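Trainee: After the sequence you'll find the predicted model.
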Amino acid sequence: MSWTEFSPCLAFDATLNFRRNWLVFAVGEQGVWLSETRSFESRYVTIGKSWYELYGEGILSIGISRNKLFYHTESARGTIESDYYYGLQLGSQVFVHLRQVFGLGLTLNANINKEVSCFNFLIAFKIGAWNF
């Protein structure tokens, strides 16, 4: 698969966001299942801008990801792992805050790299003090 192709995938994404006024710094990890024989893991760091009001927030971010691709074989070789390689991580999030510490929103993440580019559209639940 070339780097210009996007693959639909199933992903788990956990992110820790640090926000100070309008600046957001995020550290996250993704586990992505592409097919029965292929998957990859990604760790990323992004920086971005936050727009927020009393009951809502929007975030746009860009950063770098460190990826590793896994090929699951049915031979005696087992799982073949690639070397780590780097890619571009883009993110967009929109949240509605239900209480001081809870939020519900939509997230769109794109991981663009040389092996498999992937995008995720997620329903997100946010926990943390956000109104400062």
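Mentor: Cool, the structure landed.
Trainee: how about the residue sitting furthest away from the middle of the chain, phi and psi?
Mentor: The outermost residue of the chain relative to its centre, with distances by C-alpha atoms, centre = their mean, is residue 76 at 32.8 Å. Torsion angles at residue 76 (phi, psi; degrees, to the nearest 10) stand at phi -70, psi -10.
Trainee: Tell me if I'm right that residue 89 and residue 62 touch.
Mentor: Yes: Residue 89 is within contact range of residue 62, at 7.2 Å (criterion: C-beta atoms under 8 Å). C-beta here means a position set from N, CA and C on the backbone, and glycine is covered the same way.
Trainee: Need the overlap of contacts for those two.
Mentor: residue 46 (C-beta atoms under 8 Å, 6 or more residues apart in numbering).
Trainee: So these two - more neighbours on which side?
Mentor: Neighbour count, other C-beta atoms under 10 Å: between residue 89 and residue 62, residue 89 has more, with 25 against 13.
Trainee: Find the nearest non-adjacent residue to residue 71, please.
Mentor: Counting by C-beta to C-beta, 6 or more residues apart in numbering, residue 71 lies nearest to residue 80, which is 4.4 Å off, once chain neighbours are set aside.
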